[in-house]
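Peer 1: Here is a sequence with its predicted model. Questions after.
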Amino acid sequence: MILKNLADVALYGWEQYINDPTEYLLFGAMLVQTFYLSKPGSSRLFGNLIGVGIYTLIDLPADGYEFFENPSHIVFWLFSMAIAILQGIRYHWKPSLERWTIPLESLVRMLMLLGFYLVVNIGVNYNQPQEISFLEKFSASATHKYLIASLFLVGLLLGFQRLQIIIQQKKLQETANILRNLAEWGMGTHAVNKVVNNPEGWEFQQCDRAILFMDIRGFTSWCEQTETKIVADVLNSYYQHVEPAAAYYQPLRITLTADEIMAIYATPKQAVSAAQAMQKAAIEILAPYGIGAGCAVHCGTVVEGLFGGEKARTYTVIGDVVNTAKRLESTTPAGEITISDHVHQKLGCKCMVKPRQAIALKGKTQSLMAWQLININ
């Protein structure tokens, strides 16, 4: 559309161009087309015909059938159709052909310059007597031959360069996705998102978190009596079923260590709901082998941040709350869930529980009051 405007200015001058209202409508159509094509999922075939379509609907009633006799309009339509078809193939019908359509599209865009150059020359020489046809005269000129060959070659080179850039961008995006997945597996989605969005905001901070631990009871002795392949298959199946149950309730971090699972949640409600789902999944996987997992949840103030050195760092939480949650889990029988009294109070007695025997904690004079969660869904 810009090339058509420049061709009109070259043929009719700035004064006529500025006083022609259809040129302003063409500019508006260009903006509409640009806006539509910028939207995700837009139809490339339809979108690339918006500008020429609007211009035709506006100018056709005024020009009548002479509209289609204007070389500028013919070139406008031909190249718009060519670009629309090539982009339709690339984005919708045959994306696998992009190695062909991208260079061809670049070539078409470059030859569009030649097309409007011809339009200007035809307009300039329209009233002059011609001993031979204009096209024969045009193609016989050495400068025009050079122009055609140069535009053709430059169009292809730019197309191949664009193709190379697009391929490299896709490879970089694939690599970035792989690295992000690896980072999320190692550090958790919460930590990765925070580092990406605010790299300087990962200083140690105190915050309230709910800590969940789950561990398979008698796993070491069971391993000694079981074939290694069976142990690996069972443990992997256990993780494949329990980890999604934990992930469903949006943990800040899940850590898998041997047969132990640690999950960090923002609220006790999330952690308890996750514990119920995880225990249900664990029972289904482990019960056929005569083993089970104990699970516990505690909450309170922890220190959160990235711990480690220059070569290895990881997101986790530390503090007495974490140690207490681990102690609660270690005293929980297989197939059961223990919650601390603090978690019980936070939930507002909205779950069915029964009291456990007070748990003595190393280094503390007072025993810890805890509850057994008995409504495992």
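Peer 2: Nice, thanks for sending it over.

Peer 1: going forward, measure contacts and count neighbours with C-alpha atoms only.
Peer 2: Noted.

Peer 1: from the middle of its chain, how far away would the longest helix anywhere in the chain be?
Peer 2: Longest helix of the chain, by residue count under DSSP state H: helix 142-187. For helix 142-187, the separation from the chain centroid amounts to 20 Å (computed by CA atoms, centre = their mean, to the nearest Å).

Peer 1: got the angle between the strand or helix carrying residue 113 and helix 142-187?
Peer 2: Using DSSP states H and E, residue 113 sits within helix 98-124. What separates the directions of helix 98-124 and helix 142-187 is an angle of 150 degrees, with axes from the mean of the first three to the mean of the last three CA atoms, to 10 degrees.

Peer 1: For the longest helix of the chain, which helices and strands make contact with it?
Peer 2: Helix 142-187 sits against helix 98-124, helix 189-197, strand 313-318, with contacts defined as 3 or more CA pairs under 8 Å, 6 or more residues apart in numbering; DSSP states H and E.

Peer 1: residues of the longest one that come out buried?
Peer 2: Put plainly, it is helix 98-124. Neighbour-count burial for helix 98-124, with 16 or more other CA atoms under 10 Å as criterion, is recorded at 98-99, 101-112, 114-123.

Peer 1: who does it touch, helix- and strand-wise?
Peer 2: Using 3+ CA pairs under 8 Å, 6+ apart, helix 98-124 sits against helix 2-19, helix 71-88, helix 142-187.

Peer 1: Give me the neighbour count for residue 32.
Peer 2: 15 (other CA atoms under 10 Å).

Peer 1: Please apply the same query to residue 60.
Peer 2: Residue 60 has 14 nearby residues by other CA under 10 Å.

Peer 1: Could you do residue 343 as well?
Peer 2: 23.

Peer 1: so when I look at it, I'm seeing a helix, right?
Peer 2: Yes: looking at residue 343 with DSSP: H, G, I helix; E, B strand; the rest coil, it is inside a helix.

Peer 1: give me the element the closest residue to residue 84 other than its chain neighbours is part of.
Peer 2: Nearest residue to residue 84, sequence neighbours excluded (CA to CA, 6 or more residues apart in numbering): residue 45, at 4.4 Å. According to DSSP H and E, residue 45 maps onto helix 44-47.

Peer 1: Need the contact partners of that helix.
Peer 2: For helix 44-47, contacts defined as CA atoms under 8 Å, 6 or more residues apart in numbering pick out 33, 36, 37, 84, 85, 87, 88, 91, 92.

Peer 1: tell me the contacts of the fifth one?
Peer 2: Residues counted as contacts of residue 85 (CA under 8 Å, 6+ apart) are residue 45.

Peer 1: And it, how close does it get to residue 248?
Peer 2: Residue 85 is 44 Å from residue 248, where distance means CA to CA, to the nearest Å.

Peer 1: one step back: relative orientation of the longest helix of the chain and strand 313-318 in degrees?
Peer 2: 30 degrees.

Peer 1: tell me the mean pLDDT for helix 142-187?
Peer 2: Per-residue pLDDT over helix 142-187 has a mean of 76.

Peer 1: Just the CA trace of stretch 359-377, in CSV.
Peer 2: The C-alpha trace of stretch 359-377 is given here as CSV (Å, rounded to 0.1, in the frame of the first residue of the first chain):
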residue,chain,number,x,y,z
ILE,A,359,5.1,-35.7,70.0
ALA,A,360,8.4,-35.0,71.7
LEU,A,361,10.7,-32.8,69.7
LYS,A,362,14.4,-32.8,70.0
GLY,A,363,15.8,-29.8,71.8
LYS,A,364,12.3,-28.6,73.0
THR,A,365,10.8,-28.9,76.5
GLN,A,366,7.2,-29.0,75.4
SER,A,367,5.7,-31.7,73.3
LEU,A,368,3.9,-30.9,70.0
MET,A,369,0.2,-31.4,69.8
ALA,A,370,-0.9,-33.0,66.5
TRP,A,371,-4.0,-34.5,64.8
GLN,A,372,-4.6,-37.4,62.5
LEU,A,373,-6.6,-36.4,59.5
ILE,A,374,-9.2,-39.1,59.0
ASN,A,375,-11.2,-37.9,56.0
ILE,A,376,-8.9,-38.8,53.2
ASN,A,377,-11.0,-38.2,50.0
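
Peer 1: Centre of the chain to that stretch, how far?
Peer 2: The answer for stretch 359-377 is 43 Å, by CA atoms, centre = their mean.

Peer 1: what do you get for stretch 257-270?
Peer 2: Distance, centroid of stretch 257-270 to centroid of chain: 26 Å (CA atoms, centre = their mean).

Peer 1: mean confidence score for it?
Peer 2: 89.

Peer 1: how far does it stretch from start to finish?
Peer 2: Start-to-end, stretch 257-270 (CA to CA) is 21 Å.

Peer 1: For it, list every residue counted as buried.
Peer 2: Buried residues in stretch 257-270 (16+ other CA under 10 Å): 259, 260, 261, 262, 263, 264, 265, 266, 267, 268, 269, 270.

Peer 1: ok, these vs residue 371, which is closest?
Peer 2: residue 268 (14.1 Å; CA to CA).

Peer 1: which residues touch the closest residue to the closest one other than its chain neighbours?
Peer 2: Counting by CA to CA, 6+ apart, residue 268 lies nearest to residue 210, which is 5.2 Å off, once chain neighbours are set aside. Counting by CA under 8 Å, 6+ apart, residue 210 touches 264, 265, 266, 267, 268, 271, 297, 298, 299, 300.

Peer 1: Where does the first one fall, secondary structure wise?
Peer 2: If I follow you right, that is residue 264. In this structure, residue 264 sits in strand 260-265 according to DSSP H and E.
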